[in-house]
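# curious how this folds, go ahead:
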Amino acid sequence: MKIHLETSRLLLRDVEKTDAPALFEMDSNPEVMKFLGTPSQSLEESEQMVRYIQDQYVRNGIGRWAIQHRETGAFMGWCGIKYLDDRVINEKTNFHDLGYRLLPAYWQQGYAFEAAEACCTYAFEVLKLSTLVGMVDVANTGSCRIMEKLGFQIIEDFYYETQKHHWYEKTL
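You can find the predicted model right below:
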């Protein structure tokens, strides 16, 4: 297990094949996916997602990391920086995107902010990025608050899969 970041309560580590069942639990939950698209329909979809994330580590040297509770070792979700070079979103490609997703048991306890803040620090201090992007459904007020608390600014609004989203950027 390769740990990339540690906070007072969290470990952020590579996503592993053994995370697929927990990813499926999270991504098949309609409450989790309310602002994110269609819930996952099978464990195989989650296994594909693990392979996709691991491929990003190889291709781009970065990707989403599993969030693990330091004390219990529990899988809580994922957070990380994804280099989007394999599709176009909001007429853009080849950018670094900050994203996060947690199981409901870990919502509203500051974990998403804690993980995202650590990833922002990593993006600017280790990767030496000049800009980091975040895309959030405008109705997802919790994630909008996190992005703004992290210092991201709304640059524009756009539609992604028929839903209006904020395009956030944080620059150094």
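# can you pull out the strands in this protein?
In order along the chain, the chain carries the following strands (DSSP state E): 3-6, 10-14, 64-69, 75-84, 95-102, 131-137, 153-160, 163-171.
# out of these, which is closest to Glu25?
Closest approach to Glu25 among those is made by strand 75-84 (8.8 Å; C-beta to C-beta). C-beta here means a position set from N, CA and C on the backbone, and glycine is covered the same way.
# sheet partners, orientation included, of that closest one?
Neighbouring strands of strand 75-84 in its sheet, by DSSP bridges, are strand 64-69 (antiparallel), strand 95-102 (antiparallel).
# picking up where we left off before, need the strands of the chain in JSON lines with distance to Ala22, can you?
Conversion of these to JSON lines gives the following (distance: least, C-beta to C-beta, whole Å):
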{"stretch": "strand 3-6", "distance to Ala22": "17"}
{"stretch": "strand 10-14", "distance to Ala22": "13"}
{"stretch": "strand 64-69", "distance to Ala22": "8"}
{"stretch": "strand 75-84", "distance to Ala22": "4"}
{"stretch": "strand 95-102", "distance to Ala22": "11"}
{"stretch": "strand 131-137", "distance to Ala22": "23"}
{"stretch": "strand 153-160", "distance to Ala22": "26"}
{"stretch": "strand 163-171", "distance to Ala22": "26"}
